[in-house]
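Colleague: what's the 3D shape of this:
(one chain, ligands or ions: 2)
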Amino acid sequence: MLKRVLSAAVMSLLFAGSVYAQPAWTVPDPNTLPDDAFGRTVRYGRDLVLKSSSLIGPDAPDPAMRFSGSGLECQSCHLGGGTQRFALPLAGLWGVFPTYLARENDVQTLEGRINGCMQRSLNGKPLPVDGKEMKSILTYIRFISAGEPVGQSLDGRGTPPLPLPDRAADPVRGKAVFAQICSACHGADGQGLRLTSEEAKDTGRRYRYPPLWGPDSFNDGAGMNRAITMARFVHANMPFGTTFEAPVVSDADAFDVAAFVVSQPRPHQAGLDADFPDRSRKPIDAGFGPFVGPFPATQHRFGPWKPIQAWVKSNNGASGKAD
Ligand code: HEC
Ligand code: HEC
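Modeller: Ligands and ions are numbered 1, 2, ... in the order given. Sure, this is the predicted structure:
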């Protein structure tokens, strides 16, 4: 099984030249646009998503452009440049924002949501909202969202639901899953496979396989640092090349390996206790307090989550949903 997913075809996908090599949706290709202001803006927005580390990150030649503080690209999590179903797509979002978000308990703009990932998933600073980079990412998202109705979530948004386990996710078992399946790419120490400076220059990326924890990874306030979110992402998309239609990792392995990965050290986001000011809307798997209800912090992090879900539901909260 592992041999299949590590096949040469899958390995070469990453650097095949086009991230649109295996489109699961019909998403418009920025390369078809003419060399005019709109086309150039869309393509720059795409490049920012694919090459965040070198354009707006630690490898940007101009220190004033180093907004991201991690070695990740947006694409490290928004697979295929945000064009893949159930791989946290950016396609389709244009008609969905502004929208209510529980994290702020307020309506959030698309710019604000992007900057949420800048600060947490990329462990950095917000992009200036009226700057060229934000404008280009927005234009890219608008372009790849073409054809989607306004006000309606796409089928394929986020990650697919995964039934919650009855037991707590087990980080010790997860460590073994990691060693068996994930370490082949992400490294035995989870620090990924860093490109040589030559390769980094050619690709605009810092890693061939991104780090899952440590100083160059996402911080502890990122959505990916929640065990249920990560389990769903991993189940549908990992090992790289997997799609939600044919998952490779079992449900139990996905939860256990997620519990292991979210237990590892990573940069800290200040002020997390101010997140989700309406505590009844806080995701049940948030890794940090304060929480509503009688459950200890470890149960929020690792489960079992069904009792929390039931409690929240009977107390009229909204976060009984796994997302
Ligand atoms: C470490 C992984 C990771 C990286 C890197 C990352 N994101 Fe995200 N992003 C997520 C996750 C996970 C979510 C869903 C969040 C949740 O469930 O709270 C998300 C959500 C979003 C959303 C809202 C999606 C929706 O369906 O509502 C946007 C927009 C977004 N990210 C943009 C970006 C951009 C632009 C970048 C690069 C500047 C980026 N992200 C980098 C993990 C990441
Ligand atoms: C065949 C190589 C490969 C294997 C095996 C693999 N991954 Fe990945 N993983 C990738 C690549 C490549 C990316 C980034 C995608 C991109 O840049 O286009 C990624 C991204 C991720 C991300 C989001 C980015 C980040 O740095 O956090 C997570 C989380 C993740 N993988 C977890 C796992 C887990 C858990 C396993 C084991 C069940 C696993 N992966 C197995 C190649 C792999």
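
Colleague: residue contacts, the residue nearest to the spatial centre of the chain?
Modeller: With distances taken as C-alpha atoms, centre = their mean, residue 77 lies nearest the centre of the chain, 3.7 Å away. With contact taken as C-beta atoms under 8 Å, 6 or more residues apart in numbering, residue 77 is in contact with 88, 121, 218, 224, 233. (C-beta placed from N, C-alpha, C; glycine too.)

Colleague: change it to 7 Å
Modeller: By C-beta atoms under 7 Å, 6 or more residues apart in numbering, the contact set of residue 77 is 88, 121, 224.

Colleague: May I see the domains of the protein written out as residue ranges?
Modeller: The record's domain parsing of the chain by automatic domain parsing lists 30-144, 272-314.

Colleague: Just give me how far the last one sits from the chain centre.
Modeller: In other words, domain 272-314. In terms of C-alpha atoms, centre = their mean, to the nearest Å, the centre of domain 272-314 is set 21 Å apart from its chain centre.

Colleague: what about that domain, start to end distance?
Modeller: Terminal residues of domain 272-314 lie 26 Å apart, using C-alpha to C-alpha, to the nearest Å.

Colleague: Quick one: check it for contact with ligand 1.
Modeller: No - if you take C-beta under 6 Å from any ligand atom as the test, domain 272-314 misses ligand 1, and the best it gets is 7.4 Å.

Colleague: got the contact list for stretch 82-99?
Modeller: 20, 23-25, 27, 49, 77-80, 107-110, 113, 141-142, 144-145, 148-154, 156-160, 233, 236-237, 244.

Colleague: at 6 Å instead, please
Modeller: With C-beta atoms under 6 Å, 6 or more residues apart in numbering as the test, stretch 82-99 has contacts from 24-25, 27, 49, 77-79, 107, 109-110, 141-142, 144-145, 148, 150-151, 153-154, 156, 159-160, 236-237, 244.

Colleague: do stretch 29-38 as well
Modeller: Here stretch 29-38 has contacts from 20, 39, 42-43, 46, using C-beta under 6 Å, 6+ apart.

Colleague: ok, and the most crowded of those residues?
Modeller: residue 46 (28 neighbours; other C-beta atoms under 10 Å).

Colleague: That residue reaches residue 142, doesn't it?
Modeller: No - if you go by C-beta atoms under 6 Å, residue 46 and residue 142 don't touch, sitting 12.0 Å apart.

Colleague: same for ligand 2: which of the contacts of residue 77 are within range?
Modeller: Filtering the contacts of residue 77 for proximity to ligand 2 by C-beta under 6 Å from any ligand atom leaves residue 224.

Colleague: Spell out which residues of this structure are next to ligand 2.
Modeller: Residues of the chain lying near ligand 2 by C-beta under 6 Å from any ligand atom: 5-6, 14, 72, 75-77, 79, 181-182, 184-186, 209-212, 217, 224, 230, 234, 238-240, 249, 257, 261.

Colleague: In strands only, show me those.
Modeller: residue 209 (DSSP state E).

Colleague: Tell me where the stretch 151-300 of the chain has strands.
Modeller: Applying DSSP state E, counting those that start in this stretch to the stretch 151-300 of the chain gives strands spanning 193-194, 207-209.

Colleague: For residue 127, find the nearest of those.
Modeller: strand 207-209 (21.3 Å; C-beta to C-beta).

Colleague: Give the pairing partners of the closest one; include direction for each.
Modeller: Here strand 207-209 is paired, per DSSP bridges, with strand 193-194 (antiparallel).
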